[in-house]
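**Q** A structural model of the following input is requested.
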Amino acid sequence: MENLIAAEYFTEQEVCKIMRLKQSTLAGRISRGTEHPPYVEIGRERYYPKKMFFEWAQKRPVIWSVKDAS
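**A** Prediction:
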């Protein structure tokens, strides 16, 4: 069962690492219902379907910024 979960889902820790967020920041976004990827809850854990995560990420706006090089 754990292999199936690992193959199809990201853990919350993995999502935070990918998104470069603290777990508390992601938890806050989830509680507000804003700017978080789709997830399922199994027991007390949240799992993020990999396919749905990447679909969600592709829909996020691309922000281009240029920093001063001097």
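
**Q** going by C-alpha atoms from here, please, whenever you check contacts or count neighbours.
**A** Fine.

**Q** just how off-centre is the helix or strand hosting Ser31 within its chain?
**A** In this assignment (DSSP states H and E), Ser31 forms part of helix 23-32. Put simply, helix 23-32 sits 11 Å off its chain's centre (CA atoms, centre = their mean, to the nearest Å).

**Q** what lies in contact with that helix?
**A** Helix 23-32 has contacts (CA atoms under 8 Å, 6 or more residues apart in numbering) with 12-13, 16, 35-36.

**Q** got phi/psi on Val40?
**A** The phi/psi pair for Val40 (degrees, to the nearest 10) reads phi -120, psi 150.

**Q** related to what we said a few turns ago, for the contacts of helix 23-32, work out which two are farthest apart.
**A** With CA to CA as the measure, no two of the contacts of helix 23-32 lie farther apart than Gln13 and Glu35, at 16.7 Å.

**Q** so for the most centrally placed residue in the chain, what's the pLDDT?
**A** Closest to where the C-alpha atoms of the chain average out (CA atoms, centre = their mean) is Val15, at 4.1 Å. The model reports Val15 with a pLDDT of 96.

**Q** I'd like the numbering to begin with 767 instead of 1 from here.
**A** Got it, first residue is 767 now, which makes that one Val781.

**Q** residues contacting it?
**A** Tyr814.

**Q** only alpha carbons, please: show the helix or strand of the chain with the lowest mean pLDDT as CSV.
**A** Least confident helix or strand, the chain: helix 768-774 with a mean of 80, by mean pLDDT, DSSP states H and E. Provided in CSV are the C-alpha atoms of helix 768-774 (Å, rounded to 0.1, in the frame of the first residue of the first chain):
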residue,chain,number,x,y,z
GLU,A,768,2.8,2.4,0.9
ASN,A,769,4.5,1.8,-2.5
LEU,A,770,1.2,2.6,-4.3
ILE,A,771,0.9,5.9,-2.3
ALA,A,772,4.5,6.8,-3.0
ALA,A,773,4.1,6.1,-6.7
GLU,A,774,0.9,8.1,-7.1
